[in-house]
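Novice: have a look at this fold, sequence not included:
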């Protein structure tokens, strides 16, 4: 654990769900943990006991990427953990592959609907239906304009062009829309939808006042700060401002809320974690501002300022997107100005 993580409280200690099984947190709420083929090696998923239109069953929250190991684990869960009841609906916090990857398979398997925000639903469909190499040329030009140079960088961007559709081969043809402030009745309890921005187009977290639980998705993680990146399809965006404003929305929840994150262990200390994340990004912004004051910097030159460890090529793409996000917040606030220089690269300096 890092020092900030140690300031939080983990009521379950080191207890984790067994592989292929689930762990009851409170009556009607079960925790699953599935393996991911990334550096971030797991995702937490949730089963909520439910009743819809008089039918008893379960609501699934988040899905894992579509891979044989995850499908097999789900089949084991169906056989051993559902008490002989069906899945009634699939709710997805946002459109990233580890959260929505198996949604189409689950919805078809149980003939049940997908619930998700409209923005994330259509973003996911665009990525899946865009075809091979979707957005590759646009992304390559965008990252080159921020200083990613050489054939290795270009190849890294191109090699990721099919990354999404490989992990999310299909999206359900229809969905039920989730929106901020919406109240969803699940198993006799009300769950309030909390929209978050910056990490995904319209991430939805779920808070149940009576159970004292928050399903935080990627908006509220205990160990890491979720990735906030500018994308080539919205090249002048300011996602970090949106993310920081979204974090403040969680301060309204009770201080003793048990947060169920998408990665890491369930924790209490929600308000402290909001403070930690706000401080983390303010510290990075100060570092970026100082670096640009020393001499005009491209986003590629900011990456080693923000990430002081070795990065592989694919990690560099995420890091570059996050560096751009920090530069853009300062640019949008008028603290930095940007100049497109003769080499075709944007560089940022104090305004």
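Specialist: Nice, I can see it. Computed from a prediction, not measured in an experiment: that's the story for all the values here.

Novice: and the contacts of the longest helix along the chain?
Specialist: As assigned by DSSP state H, the longest helix anywhere in the chain is helix 270-294. For helix 270-294, the external contacting residues (CB atoms under 8 Å, 6 or more residues apart in numbering) are 4, 7-8, 214, 220, 222, 225, 240, 243-244, 247-248, 250-251, 253, 255, 257, 259, 267, 297, 301-302, 305-306, 323, 326-327, 329-330, 335-336, 348-350. No exception for glycine: its C-beta is placed from N, CA and C like everyone else's.

Novice: got it, and stretch 44-53?
Specialist: 22, 27-34, 56-64, 77, 81-82, 88-89, 186-188, 215, 260-264.

Novice: again, but for stretch 98-112
Specialist: 36, 38, 43, 60, 62-67, 70-71, 74, 86-90, 92-94, 113-114, 116, 120, 124, 167-172, 217-218, 262.

Novice: could you tell me which of the residues you listed belong to strands?
Specialist: 43, 60, 87, 88, 89, 90, 114, 116, 217 (DSSP state E).

Novice: now the first one. Nearest residue, chain neighbours left out?
Specialist: Yep, that's residue 43 we're talking about. Once flanking residues are discounted, residue 43 sits nearest to residue 98: 4.7 Å by CB to CB, 6 or more residues apart in numbering.

Novice: wait, is the one you found part of a helix?
Specialist: Yes: counting by DSSP: H, G, I helix; E, B strand; the rest coil, residue 98 is part of a helix.

Novice: buried set for stretch 246-263?
Specialist: 246, 247, 249, 250, 253, 257, 258, 259, 260, 261, 262, 263 (16 or more other CB atoms under 10 Å).

Novice: tell me how far that stretch lies from the chain's centre.
Specialist: Relative to its chain's centre, stretch 246-263 lies at 15 Å (CA atoms, centre = their mean, to the nearest Å).

Novice: can you give me the mean pLDDT across that stretch?
Specialist: Mean per-residue pLDDT for stretch 246-263: 97.

Novice: start to end distance for that stretch?
Specialist: End-to-end distance for stretch 246-263: 19 Å, by CA to CA, to the nearest Å.

Novice: residues in contact with the residue nearest the centre of the chain?
Specialist: Closest to where the C-alpha atoms of the chain average out (CA atoms, centre = their mean) is residue 218, at 4.0 Å. Listed by CB under 8 Å, 6+ apart, the contact partners of residue 218 are 93, 94, 96, 99, 199, 200, 203, 226, 261, 262, 263.

Novice: next: residue 31.
Specialist: With CB under 8 Å, 6+ apart, residue 31 has these contacts: 17, 22, 23, 24, 25, 44, 45, 46, 47, 260, 266.

Novice: helix, strand, or coil at it?
Specialist: Strictly by three-state DSSP, residue 31 counts as strand.

Novice: kindly reformat the buried residues of stretch 246-263 as CSV containing secondary structure and distance to residue 141.
Specialist: Compiled in CSV, the buried residues of stretch 246-263 are given as follows (DSSP: H, G, I helix; E, B strand; the rest coil; distance: CB to CB, whole Å):
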residue, secondary structure, distance to residue 141
246, helix, 29
247, helix, 32
249, helix, 35
250, helix, 36
253, coil, 42
257, coil, 43
258, strand, 45
259, strand, 39
260, strand, 39
261, strand, 35
262, coil, 32
263, coil, 32
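
Novice: and the longest helix of the chain, what's its mean pLDDT?
Specialist: The predicted model gives helix 270-294 an average pLDDT of 97.

Novice: tell me the first helix or strand C-terminal of that helix.
Specialist: Per DSSP states H and E, the first helix or strand lying C-terminal to helix 270-294 is helix 299-306.

Novice: identify each buried residue in that next one, please.
Specialist: Result for helix 299-306 [16+ other CB under 10 Å]: buried residues 299, 300, 301, 302, 303, 305, 306.

Novice: can I assume the first one is in contact with residue 322?
Specialist: No: applying CB atoms under 8 Å as the test, residue 299 and residue 322 come out as separate, 9.0 Å apart.

Novice: quick check: the residue nearest to the centre of the chain vs residue 273, distance?
Specialist: 13 Å (CB to CB, to the nearest Å).
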